[in-house]
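1. how does the following fold in three dimensions:
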Amino acid sequence: MVYLHHILIHFPIAFGMAALLFAMLGFARPASRWREQASMMILLGAISALAAAFTGFLAADEIIKSGFAESRIALHRLSAVVATTVFAVAAVGALLQLQATPASSAPRGMTAAIVAVAL
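-> A predicted model of the protein is given here:
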């Protein structure tokens, strides 16, 4: 489970960066569907953050048994909870945005806020 966490942790980071890129492209081309894609990246980021956090919690005991400082694991765990919660809140906002308006007329500020919260 330790190695699975190391693999999965990169997905929320990549999805968050893609969301930022797509949101910036959406500002440049408002009639495009880039902002909708940014919202989708936020949703995928939230799902992958949950998977990474779950595998991290499972791997923590193994890491502690191997001699790693428990206080550092506790701090890492806290940052995972905070980051996953922020991603989940951003995902709710992204879902609301996707349901409320088509991508071409979605408010730019809402997309920017969602991406900012996620990152």
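
2. helix or strand: which one has residue 67?
-> Using DSSP states H and E, residue 67 sits in no helix or strand.

3. roughly how far does it sit from residue 57?
-> Distance of residue 67 to residue 57, given as C-beta to C-beta, to the nearest Å: 19 Å. No exception for glycine: its C-beta is placed from N, CA and C like everyone else's.

4. quick one, phi psi at residue 57?
-> Backbone geometry at residue 57, expressed as degrees, to the nearest 10, gives phi -60, psi -40.

5. can you count the residues close to the closest residue to it other than its chain neighbours?
-> Of all residues not flanking residue 57 in the chain, residue 77 sits nearest, at 7.0 Å (C-beta to C-beta, 6 or more residues apart in numbering). Residues lying near residue 77 (other C-beta atoms under 10 Å) number 14.

6. which residue packs closest to the spatially most central residue of the chain, ignoring adjacent ones?
-> Centroid-nearest residue in the chain: residue 45, 3.4 Å away (criterion: C-alpha atoms, centre = their mean). Spatially, and ignoring its direct neighbours in sequence, residue 45 is nearest to residue 15 (3.4 Å; C-beta to C-beta, 6+ apart).

7. just the element for the one you found, please.
-> Element membership for residue 15 (DSSP H and E) is helix 10-28.
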